[in-house]
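J.: no sequence for this one, just the structure:
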């Protein structure tokens with residue numbers, strides 16, 4: 001899965017930008033937006049002497065996800081190198097299947113390219129802080145969660161093998177029960193899990209090819225954005241709290257990243273773009289809330305895992321949901337298979353801002369109050385980084 005966490009310390013600065021925005025009375029207005037152009041290119045090269053079947057491996061498969069549209073984002077296709085048909089995957093995501101030859105002859109290559117234009121709206125639900133403010137006294141209890149949601153989102157599925165009898169999975173279930181005990185307040189139970197993961201699961205210091213399943217994340221006390229999210233989802237499902245995984249891409253204006261993995265069989269270049277994932281958890285009475293451990297979580301204020309989740313900002317686009325598919329095992333399997341072939345994959349993704357509503361533009365540093373808040377925010381971030389420099393160094397590692 002493509003993913004990029006954003007440094008947690010930066011979230012403090014975002015919070016001050018959000019506060020400045022509220023002083024300028026922008027919160028809750030649907031007519032504030034930012035527009036982006038996104039482009040994705042995948043080239044598959046057959047360097048061998050035998051035919052390669054593209055559809056036999058998800059890393060070479062000629063398929064592209066299509067961004068969903070809702071009240072917070074509007075995304076339309078602007079260009080495509082090939083015609084395609086649209087089908088839904090097992091998780092309900094719309095996928096574009098390119099209409100091309102499914103086999104690649106020796107010494108041949110094929111390139112798939114698509115471009116999108118996205119507009120992100122500042123809706124009432126997409127803000128840096130929730131209103132009403134999250135509070136344990138306002139949270140609903142487990143018995144208030146609709147039975148249908150429990151049946152669908154608490155079942156063992158995908159990478160969340162909560163019925164697996166192995167000792168490592170039993171440890172996941174036992175940890176969830178030990179942390180939550182008999183807590184019925186849903187928000188409190190979730191935050192007990194968030195606090196433990198935030199303090200005990202470290203972000204990987206180096207890139208690795210293999211994605212961890214939740215039981216491995218717990219065993220090694222290490223996990224990146226979706227690995228930490230999947231551990232929390234597993235524990236939530238164990239406790240009867242509905243949860244699933246959501247992914248997206250983030251605009252990172254000062255970042256260009258490139259590298260390779262799978263013994264060089266996959267190379268990538270990311271221009272101002274990062275891939276990220278977070279948990280979606282049903283917490284009454286608010287409904288589905290994001291829980292973001294690698295961008296939002298703060299030991300000093302764990303609620304920031306919700307209030308500061310990446311999806312709260314006008315720089316994150318939702319790309320897909322994971323409800324039942326075990327993308328972890330499938331990707332790990334296909335990565336090993338790719339290394340045994342003569343197929344080489346080159347991915348290039350980019351994003352750039354193109355438009356901003358005049359009202360939103362007008363909020364950029366036009367008052368002394370805003371300027372003071374931003375300056376104060378920078379000071380706070382500086383202190384935060386100095387105090388937690390060692391942890392910051394680890395979290396700043398971003399894995400493709």
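T.: Ah, there it is. Being a predicted model, the structure only gives us computed values, none of them experimental.
J.: quick one: the strands in the protein?
T.: 33-46, 52-53, 63-65, 73-80, 84-88, 94-98, 103-104, 109-121, 243-261, 266-283, 287-291, 316-322, 343-356 (DSSP state E).
J.: if I look at the closest residue to residue 61 other than its chain neighbours, how far off is residue 196?
T.: Sequence neighbours aside, residue 55 is the residue nearest to residue 61 in space, at 5.3 Å (criterion: CB to CB, 6 or more residues apart in numbering). All C-beta spots, glycine's among them, are computed from the backbone N, C-alpha and C. In this structure, residue 55 and residue 196 are 41 Å apart, going by CB to CB, to the nearest Å.
J.: With neighbour numbers in mind, choose between these two.
T.: Legend: neighbour count by other CB atoms under 10 Å for residue 55 and residue 196, higher for residue 196 (19 against 12).
J.: ok now do the nearest residue to residue 261 once chain neighbours are set aside, which residues does it touch?
T.: Leaving aside its sequence neighbours, residue 261 sits nearest to residue 209 (CB to CB, 6+ apart; 5.1 Å). Contacts for residue 209 were tallied using CB atoms under 8 Å, 6 or more residues apart in numbering; they are 261, 262, 335.
J.: And for residue 39?
T.: 113, 114, 115, 116, 348, 349, 350, 351.
J.: Filter these down to the buried ones.
T.: 113, 114, 115, 116, 348, 349, 350, 351 (16 or more other CB atoms under 10 Å).
J.: Tell me which residues touch the residue nearest to residue 61, please.
T.: Residue 55 is in contact with 61, 62, 102, counting by CB under 8 Å, 6+ apart.
J.: re earlier: any chance of the strands of the chain in a markdown table, plus mean pLDDT?
T.: Output for those, formatted as a markdown table (pLDDT from 0 to 100):
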| stretch | mean pLDDT |
| --- | --- |
| strand 33-46 | 96 |
| strand 52-53 | 96 |
| strand 63-65 | 92 |
| strand 73-80 | 96 |
| strand 84-88 | 95 |
| strand 94-98 | 96 |
| strand 103-104 | 96 |
| strand 109-121 | 96 |
| strand 243-261 | 94 |
| strand 266-283 | 96 |
| strand 287-291 | 94 |
| strand 316-322 | 96 |
| strand 343-356 | 95 |
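J.: Let's have those strands in JSON lines, adding distance to residue 182.
T.: Output for these, formatted as JSON lines (distance: least, CB to CB, whole Å):
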{"stretch": "strand 33-46", "distance to residue 182": "45"}
{"stretch": "strand 52-53", "distance to residue 182": "53"}
{"stretch": "strand 63-65", "distance to residue 182": "41"}
{"stretch": "strand 73-80", "distance to residue 182": "39"}
{"stretch": "strand 84-88", "distance to residue 182": "40"}
{"stretch": "strand 94-98", "distance to residue 182": "42"}
{"stretch": "strand 103-104", "distance to residue 182": "57"}
{"stretch": "strand 109-121", "distance to residue 182": "41"}
{"stretch": "strand 243-261", "distance to residue 182": "20"}
{"stretch": "strand 266-283", "distance to residue 182": "18"}
{"stretch": "strand 287-291", "distance to residue 182": "22"}
{"stretch": "strand 316-322", "distance to residue 182": "30"}
{"stretch": "strand 343-356", "distance to residue 182": "46"}
